[in-house]
Structures are given as C-alpha cells and as structure tokens.
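A.B. asks: model the following, please.
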Amino acid sequence: MLGGTPRRAPARSTRGGRPLDHGGTRAADRTADRTADRTGAGRALAVAGTGAALAFTAVLVPGLLLEGSSATGTSCTPVTQPLGPATGFTEFVRTDGQRGSESEGAIAYGGNLPTAMTVGTRLTSAAGAPTLVVAGSHGQWFNLQKGSAYVVPQSGVNFNGGGSYLASNPIDFAAGFTYLEGLSDDLATSAATGTVSVGSAGGNQVLVLSGSNAGRNVFSLTAAQLASQSGIGYDVPAGSQVLVNVTGSAPRVTGQMWIQQGGGWQQVSDTTMESWPGILWNYTGADTFTVQVGSAWGGTILAPRAFVDVASAGHTIGQIIARKLSSGFETHQRLFPNTLCVPGAGGGTGTPTPTASGSATPTGGPTATVTVTETATATATATQTATATATATETATATATATATATATATATATETVTETATATTTATVTETATATATATQTATATATATVTETVTSSPSPTASPTTPGGPGGTPERSDVTILKSVSDAAPEGGDQVTYTLVVTNQGTAPATGVVVRDDLPSGVTYVSSSPGCAIAGSVLTCTVGDLDPGESVSLQIVATVNPTAGAGRPVDPQSHHWLTPYKSEQQIDLEPGQTRTVTVDCVDGGIVTDGSVRIDHVDQGTGDASDVHVLYAGSPTTSTWKAIVRNDATGRAQAKAFVACLPAETGVADSQVGTGNSHTHQLLADPDLVTDTRALPAGTTSMTVTCAAEGTFPIAPTHALSGGEAWLVGSEPAGGRTWEFTFLVDDPTTATVGVRCLHLTTSAVQGHTHDLQHTIESTAATVPAGANVERQLHCPDDAKGMVSGWRVPPGVLAVGNDPRLKTRAFRFQNTSASDRQVTMWLVCFKDRTTVESIGTGSPLLVTNVARVSSTSEDADPGNNQGTASMLVEPGDDNVTLPPVALRVGKKLQLQVLSAVPGTSKVVVRAGGKKLAKGRLVLDPDHQTPGTVELTRKGKRLLARTDVVATVTADPSRGRTARGRVQLQG
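C.D. replies: Just a heads-up that it's a prediction; the model follows:
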C-alpha cells in the first residue's frame with residue numbers, strides 16, 4: 001500500500017472507508033564486589049624532621065557528588081569518550097546483524113551482516129576513516145557514502161566518498177565489549193534522581209520521565225513498568241543528559257516517544273533530538289531488548305550483552321550498541337556526547353584496581369624522608385575518605401624501613417610502616433600502587449594483606465586536580481579532534497568585514513599530533529588576514545596547529561571582506577535571459593518477500609529535487625498485488641536527495657522504480673543570440689530545511705497544510721511520513737499561493753509528518769541583476785474504471801516542463817506512482833472497487849527560460865563557509881572533524897567595496913576593488929591634500945582579482961620613506977561612488 005503504514009499482518013479485513021477494498025540479581029553482586037574492592041582508609045604521612053603532614057585520597061575525583069543527586073545517591077566521575085571503541089559508530093555490534101534499511105552513520109559488526117544497504121549518508125568523515133567494518137561475512141552490496149571499509153572478501157562496496165578497502169580489521173571487538181559491559185554495569189549502579197509516572201503526551205497515555213536537573217537525570221525502569229504503558233514521554237531540561245536504567249527480563253518499549261518542548265509535547269524527531277543528544281538507555285541483561293514503537297525512537301541504546309530487536313520504528317535516532325542487532329529501519333546519526341558521568345572510577349572494567357590520582361603541594365623546598373603510618377578500618381560497605389596537609393621547612397635526609405601485617409575479622413584494623421624517601425621540589429605528585437586480596441566467609445571473617453609503595457615529591461601551594469581516565473577495559477587511548485566555527489556577523493551587508501573564529505579541541509584521551517585546519521573560503525568573501533601559522537593559497541587557507549594534549553583547545557581567526565551582492569547594473573536588455581534544463585533521475589527497486597529497502601536518488605551536480613515518486617510495476621502473480629508494497633516514507637531529506645523507504649509484504653518478489661524530477665543547480669549561460677551574453681550563470685535557490693508539521697491524527701479523514709513563509713517562494717518536494725497506526729495518503733496537491741495540502745485517511749490513530757521545501761522564484765544576483773522563474777499549474781480530472789490498473793497523463797505547455805505533481809484519489813483507488821517525463825506526467829492508478837471512480841491530477845510546470853534581467857536585488861545571499869580539521873594520530877570520531885558557519889548577506893547600498901590595504905609594486909599601487917557588477921572604475925588616491933595615485937581598474941564580479949593604478953611622483957617618494965593611510969575614491973561606471981581609508985604599504 002503506497003504512502004501508508006499498515007500493520008505487518010498479511011491478512012486484512014474489509015472495512016468501510018479504506019482506500020482499497022479487499023476480500024479476504026547478578027547486578028547486585030557486582031555492585032557489592034566493587035564497593036568492597038574500593039573501600040579504603042585515609043592515610044596520614046608524617047615528614048621526618050619537618051613536622052609536615054601530607055594527605056591524599058586514592059580515588060579519581062575525591063568527594064564528587066553530582067549536582068541534583070540526593071545525599072545518599074551515587075557519586076560519579078566524568079569520563080571522556082564514555083562509549084570507548086563505539087565512539088563515532090551509529091551501529092556497534094559484537095556479533096551478527098540483520099538490516100533492511102540505511103544507516104546515516106558509521107557501522108561496525110564483529111560477525112556477519114548479510115544485507116544490502118547504504119551507509120554514511122550523514123557522515124563528514126575523511127576518505128580513509130573506517131566507517132564500515134564487518135568482521136564476518138557480508139551481503140550483496142554496500143553504498144558507502146563516506147570513508148573506507150573492512151570487509152572480507154574485499155568486494156561489493158561502492159565507495160562514493162573516495163574511500164577504499166582497509167587491509168586489516170581496525171576494531172578489537174572482544175576487548176571493546178569487555179569495556180562496554182563494565183561501563184553498562186557501572187551505570188546500572190546510578191541512583192535514580194528523576195520520577196516515573198503515568199501521564200498523557202500527545203493525547204496518549206505514556207510513562208512520563210520527569211527530571212529537573214540541567215546536567216543529568218537518572219531513571220530506573222523495570223520490564224513490567226514498560227509493559228504496563230504504551231509510550232514514553234521525556235520531561236527534562238533541554239541539553240541535559242538522561243540515563244534510563246532498565247531491569248527485568250526481555251524488556252519491550254512500545255507505543256510512541258514524546259518530548260516536552262516549548263510548553264507542549266512533541267513527537268521525537270531528528271529536529272527535536274538536536275536539543276537532547278545525551279539520552280542513554282542502559283540494559284545490562286542478556287535477554288532481548290525490543291523496540292516496538294510507532295514513532296521514531298529517540299536515544300542511544302547501550303545493551304552490550306543483549307539482542308536488540310527493532311521490531312518497528314519510524315527510524316531510530318542515536319547509537320545502538322548490542323551483542324546482536326535486527327532492524328529493518330533506518331538508524332539516524334545522533335552521536336552521544338563526548339562526556340558522561342559514570343559511578344565509581346568510571347573505568348568500565350567492573351572491578352578496577354585502586355590507583356591514586358591528583359597532586360598535592362606543600363610549602364618549602366627541602367629534601368626529606370617520609371615515614372608513613374597507615375591505619376585502615378574496612379567493612380564490606382565502608383567508604384573511603386582522606387584529608388591531609390603538608391608543610392616542609394627543614395632540610396633532612398633519612399631512611400626508615402618497616403613491615404606490617406594485618407588480620408581482620410568483620411571489622412579489621414591494620415597498622416603498617418612503609419619505607420619512603422621524598423624530595424620536595426617545585427612540583428608535587430603522589431603515586432600509589434596498591435594490590436589487595438580478600439576472602440569473606442559466611443561468618444563475615446576477612447583476611448587482608450597489602451603491600452604499599454609510595455613516592456612523594458612535594459612542593460608549595462597545596463592543590464588537588466582530577467585526572468581523566470582513558471583507555472579503560474583494554475581499549476586504546478585515542479585523540480578526537482573537533483572544530484567549531486562561528487562568524488562575527490550572521491547578517492552583514494555587502495562590503496562589510498567579518499571575522500570567522502575556529503575553535504579546535506582535542507576531546508580525546510590521547511594527544512592529537514600533526515593537527516591541521518583547512519578552510520576553503522567560499523565565493524562571496526575575500527581573504528584579508530588570519531592567525532599566525534595560517535597560509536592562503538588561492539581560496540584555500542591552511543593552518544598548522546601542531547599537537548594538542550587531551551582537553552586542549554586552540555582558537556584561530558580569519559578576517560574576510562563580504563563581497564557586494566548586487567547594485568545598479570547595466571540597462572535591461574530585453575533579450576538577456578537564461579535557459580533552464582530540468583532532468584529526471586531514476587532507480588530500479590527489487591524487493592524480496594518481507595524485505596525493506598531504503599532507496600535514495602540524487603540530482604547530479606547539486607541539482608534541486610522538486611518531486612519524487614515510487615511506481616509499483618509488478619508483484620509475482622498469486623503472491624499479492626501493488627497494495628502489498630508499502631512506501632513508509634517518501635521525501636527530500638536534502639536539497640539534492642530524494643529518499644523512500646519501501647517494504648514488500650507480498651509473499652513473492654516485487655519490482656518498482658523510483659523517479660525524481662530535478663531542476664539544475666544553476667541556469668544556463670546568458671542568451672547570446674543578440675551578442676549580449678558573457679557566459680555568466682545564476683544559481684537557483686532553495687531553502688536547505690523543509691517546512692514541516694507533525695500531528696497525531698485520529699481515525700477518519702484529516703488534511704494538513706504547510707506554507708512557505710517568504711514571499712516569492714513556491715513549495716516543492718512534497719514529503720510525508722507516517723508512524724504507527726494504519727493510515728493512507730489519499731491526496732497531495734497545491735492549495736494556492738505558497739501552500740501545499742496533504743490528506744490522510746486513518747483507520748487506526750497515527751502520527752503524520754508532512755513537509756515541503758521552498759524554492760525561491762528569483763535567481764541569485766550576478767553582475768548587479770537577477771532573473772525570475774516562471775511557472776503555471778495544470779490540472780484535470782480522469783476516470784479510473786472498476787477493477788482497472790490504468791495510466792492517466794497530464795501535459796505542460798510547449799515551453800515548460802512538469803516539475804511537481806499532485807493528486808487526489810477517492811476510497812477504493814490507489815495512486816501507484818507516477819513517471820516524470822518532463823513535458824508529460826504519467827500517473828498510474830489502481831481501482832479495486834466495483835465501480836468507476838474519478839481522480840484529480842495536478843502538474844506544476846516551470847517554463848524553459850527565465851524572465852529578462854531585473855536590475856539590483858533586495859534578496860539576501862546565503863554564504864556558507866566550511867572548515868575541516870585533521871590529525872596524524874588515530875581519531876576516535878572522524879565524524880566531528882567539520883565545522884560550518886553561515887551568513888545571510890544583505891545587498892547594501894553600494895556595489896563596490898574598497899580594500900583595507902594597498903601595496904606598492906614598483907611604480908604602481910596594487911589594490912583590489914570588489915564589485916557586484918561588471919565594468920570599470922576610476923580610482924584616485926590622496927593623502928595630506930596630495931594626489932598619490934590614479935588610474936582605471938577593470939571590475940569583474942566573476943573574477944575578483946587585484947588591479948594596479950599609477951603612482952604619482954609624490955606617491956613614489958612618500959611610499960619609499962614610510963607607510964601611509966590615504967583616502968581612496970572609486971567611481972564605478974555603474975553604481976555609486978565609494979570612498980574610504982586604505983593603508984598604503986611601500
């Protein structure tokens with residue numbers, strides 16, 4: 001059934017109103033063990049000959065209690081790269097997987113993955129980054145959009161991002177999952193800080209997880225609680241981390257997922273989850289963890305011992321870490337944040353060895369012998385505290401040797417004297433290595449032996465600082481370089497100067513070596529200056545950062561001038577217009593029985609998707625019909641991409657084809673029939689984000705509309721998705737002006753998301769002018785005979801091409817897709833009723849040529865700048881190596897801009913005057929009432945390069961002696977005169 005989300009049951013009853021008429025406690029023990037292992041006592045160190053005392057605690061972060069936890073709650077330690085080897089992977093699975101749809105991120109499987117799928121549609125990884133790892137056998141093919149692959153044999157991977165096959169497996173799955181299991185166990189000890197109650201979200205009764213802490217909220221859910229209600233509602237502050245610990249046998253999450261946002265409940269989506277990336281579901285059990293939701297799933301799943309079965313979901317948002325995974329649905333990229341507060345040492349090993357950490361600094365600078373006397377009192381549940389101060393004022397050297405043996409029953413006291421030598425210098429560190437063995441009987445008698453070796457080097461100013469654990473559980477320490485980019489003015493005018501700030505940070509646990517930043521400056525800005533260590537070559541800026549320690553950041557700045565966008569151009573030429581060359585793309589879809597596939601079709605060379613459709617062509621005879629092939633999602637996730645999720649519920653094979661209509665990214669060159677063309681083109685403009693609406697739909701017929709907000713736009717790329725329930729899209733049509741209407745027939749309540757992209761009907765400004773796109777809307781009604789599967793056509797005028805289709809069908813008729821033959825749109829309909837039915841069709845036709853030019857423009861120009869960072873060290877997450885900053889440039893009043901600096905080159909003065917229109921400009925340079933230079937420059941907005949003017953005799957003499965600030969006047973042949981202060985350098 002096209003455009004709906006019916007249940008998987010193969011048999012469906014006949015109902016009135018349907019569009020088709022058919023006949024027919026291990027965790028507790030681990031907690032106690034860890035508590036006993038970590039129990040210790042404070043240690044007081046006496047410094048011989050000085051009277052100084054030095055104290056330390058043998059825990060990673062002394063006394064840390066997370067804000068918002070109760071006094072009896074569980075303390076925790078911030079851990080960097082908490083997911084260890086799973087960092088950066090959307091799917092990280094120890095053994096086998098069964099997949100039926102794409103993953104937007106990187107995937108890694110330690111076993112077999114017999115599937116055909118697309119991987120990495122949202123990645124920005126470098127070509128050599130490992131983004132597809134399958135240690136066992138693999139399936140038919142992979143479309144890998146970014147990065148490289150390790151598969152055996154090396155076959156079946158289409159590298160669309162310049163990657164290649166990796167020679168060896170980059171992941172130690174055994175060691176990695178040892179760490180992840182320990183991490184899961186540690187997280188399971190977190191005390192709940194939030195409340196769980198039954199409430200209402202989106203008109204549905206759900207379990208509401210309520211927390212008020214802005215940093216971290218912890219919840220505990222049993223399998224029985226999950227079974228008692230259908231749905232989850234998150235009610236926590238935006239940006240806070242959420243830990244949901246799940247206990248019990250074979251937990252199953254059903255219903256829909258909601259999140260409290262802006263004073264109301266919103267269904268979980270990629271957009272809402274941007275504000276809640278830190279949601280983590282933790283399950284330590286070895287049973288099946290089942291996701292059976294009718295909406296999208298929101299949150300990372302940590303179930304390292306479990307089989308995660310995604311039985312139903314619109315898609316999953318977040319990482320999935322599992323022993324085994326089965327999912328026929330998309331996994332969307334939403335990586336867990338780089339830090340997480342973990343109870344205990346945060347090492348993720350289950351039973352870590354105590355290691356002293358921190359630094360202490362006494363005053364004074366003598367050399368001294370340290371005699372240590374330790375008194376320890378321990379029970380199975382004792383906690384460790386330690387305080388001390390240190391003062392060293394004398395110079396002394398001594399050596400003390402002692403041994404100690406301690407025997408303890410239920411409560412034991414031990415005293416030991418340890419030989420130590422300490423030298424007080426200008427730094428202070430404490431290093432302690434302790435090993436302990438303990439045996440407990442039913443009578444609570446314990447025997448403990450301990451050997452302590454301590455080295456103390458003391459110096460002034462007592463301090464204590466935490467360390468960041470790295471590489472626990474056998475996982476390697478890795479660097480993780482990231483880059484954030486911002487611009488000083490997001491809405492400048494042409495001619496303004498802006499500063500880009502790039503912050504490069506190593507979020508990893510190991511040093512990052514050979515860090516380099518590359519920034520490809522976009523057209524629309526002109527380089528002025530940058531931070532030391534950066535060099536410009538053409539439009540590419542390269543900055544050598546060097547090495548970064550864990551947690552270290554470096555800030556770089558780039559100063560650029562915003563090019564003028566448009567102004568008073570040449571007079572209008574009635575023959576100066578541009579041609580458009582629309583085109584279509586298509587892809588065959590073959591579906592085995594029960595198979596779900598994600599299909600993506602791209603418009604080449606950055607073209608703009610205006611429409612898409614899945615046409616059902618054939619289902620094996622006797623195994624079903626077109627109504628058994630379900631399009632679960634159809635729409636345009638990016639400007640140049642159209643995507644459909646298709647499932648075959650027939651018992652035989654199905655064949656279909658995906659069609660996409662595309663407008664080119666830019667116009668053709670200017671029409672030169674009358675000799676006025678100069679080979680320039682204009683960009684076509686479409687908003688990058690869809691205008692969307694999401695609603696819970698009751699049973700019956702409901703219409704939803706979305707509208708492009710800006711004047712001079714038109715809705716294209718109609719998009720819809722249905723989550724849960726049982727519903728059909730029975731209408732998709734233009735509703736006048738900038739509005740598009742979707743109509744759904746709902747049997748069981750569902751949630752629908754609809755959207756359109758907004759196409760700007762005016763081109764970008766080039767050489768001081770723009771052009772408009774022209775369109776008409778054609779419509780007609782047609783008859784579909786009873787029981788027939790027919791094609792009906794709608795035609796555009798001779799000078800136009802059909803770019804967006806619309807249709808509306810009555811009950812009993814199925815729209816089986818359409819083929820964009822550009823001038824003609826061929827619709828296909830199937831009538832399963834016993835009577836003839838009327839359908840309505842629409843076709844939005846864009847003319848082959850633009851209007852003639854319009855001088856000047858009031859439309860802003862979007863300028864996007866992308867920077868990338870790389871390193872020579874192993875990077876834990878190659879997906880966060882890119883930063884973007886955008887600004888919307890207003891045209892301003894001037895169409896020429898003066899440079900900040902001009903250079904003397906021999907007898908000439910070199911300067912770059914930026915212009916939005918072609919032509920020439922008279923330039924005069926004055927200082928102190930004297931004319932220093934004059935001349936005429938050629939202005940070319942398509943090739944902004946420096947020009948030269950002649951220095952006068954006075955100008956030559958002056959610049960030979962010193963630099964000077966002068967007034968430069970540029971009088972262009974078209975547009976207003978520009979005047980400003982410029983630094984002249986000799």
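
A.B. asks: hey, C-alpha coordinates of stretch 231-250 in PDB?
C.D. replies: Output in PDB follows, covering the C-alpha atoms of stretch 231-250 (Å, rounded to 0.1, in the frame of the first residue of the first chain):
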ATOM      1  CA  GLY A 231       4.700   5.100  25.100                       C
ATOM      2  CA  ILE A 232       7.500   7.200  26.700                       C
ATOM      3  CA  GLY A 233       7.400  10.900  27.400                       C
ATOM      4  CA  TYR A 234      10.700  12.800  28.300                       C
ATOM      5  CA  ASP A 235      10.100  15.800  30.500                       C
ATOM      6  CA  VAL A 236      13.600  17.100  31.200                       C
ATOM      7  CA  PRO A 237      15.500  20.300  30.500                       C
ATOM      8  CA  ALA A 238      16.900  20.700  27.000                       C
ATOM      9  CA  GLY A 239      20.600  19.800  26.800                       C
ATOM     10  CA  SER A 240      20.500  17.700  29.900                       C
ATOM     11  CA  GLN A 241      21.800  14.100  29.900                       C
ATOM     12  CA  VAL A 242      19.300  11.400  30.600                       C
ATOM     13  CA  LEU A 243      20.200   7.900  31.800                       C
ATOM     14  CA  VAL A 244      17.400   5.300  31.800                       C
ATOM     15  CA  ASN A 245      18.500   2.100  33.500                       C
ATOM     16  CA  VAL A 246      16.300  -0.800  32.500                       C
ATOM     17  CA  THR A 247      16.000  -4.000  34.500                       C
ATOM     18  CA  GLY A 248      14.000  -7.200  34.200                       C
ATOM     19  CA  SER A 249      13.600 -10.000  31.700                       C
ATOM     20  CA  ALA A 250      13.200  -9.200  28.000                       C
END
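
A.B. asks: tell me the spacing between the residue nearest to Ser275 when sequence neighbours are not counted and Trp297.
C.D. replies: Once flanking residues are discounted, Ser275 sits nearest to Ala238: 4.2 Å by C-beta to C-beta, 6 or more residues apart in numbering. C-beta coordinates here come from the backbone N, C-alpha and C atoms, glycine included. Per C-beta to C-beta, to the nearest Å, Ala238 is found 19 Å from Trp297.

A.B. asks: who has more neighbours, those two?
C.D. replies: More crowded of Ala238 and Trp297, by other C-beta atoms under 10 Å: Trp297, with 28 against 13.

A.B. asks: how about that one, nearest residue that isn't a chain neighbour?
C.D. replies: Thr316 (4.3 Å).

A.B. asks: so what pairs up with the one you found in the strands?
C.D. replies: Trp297, Thr331 (DSSP bridges).

A.B. asks: now swap in Val79 and tell me
C.D. replies: Leu340.

A.B. asks: ok, it - how many residues close by?
C.D. replies: Val79 has 25 nearby residues by other C-beta under 10 Å.

A.B. asks: can you pull the pLDDT of Leu45?
C.D. replies: In this model, Leu45 is scored at 28, pLDDT.

A.B. asks: Gln145 too?
C.D. replies: Looking at Gln145, its pLDDT reads 93.

A.B. asks: what does it show for phi and psi?
C.D. replies: For Gln145, the backbone dihedrals (degrees, to the nearest 10) come out as phi -80, psi -30.

A.B. asks: which non-adjacent residue is nearest it?
C.D. replies: Here the residue nearest Gln145, using C-beta to C-beta, 6+ apart, is Gly120, at 4.1 Å.

A.B. asks: wait, a helix at Lys657?
C.D. replies: No. Per DSSP: H, G, I helix; E, B strand; the rest coil, Lys657 lies outside any helix segment and is strand.

A.B. asks: list the buried residues for stretch 636-644?
C.D. replies: By neighbour count on 16 or more other C-beta atoms under 10 Å, the buried set for stretch 636-644 is 636-644.

A.B. asks: so can I have TSV of those residues showing secondary structure?
C.D. replies: Formatted as TSV, these follow (three-state DSSP):
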residue	secondary structure
Ser636	strand
Pro637	strand
Thr638	strand
Thr639	coil
Ser640	coil
Thr641	strand
Trp642	strand
Lys643	strand
Ala644	strand
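
A.B. asks: where does the prediction get shaky in the stretch 751-900 of the chain?
C.D. replies: 856-859, 892-893 (pLDDT under 70).
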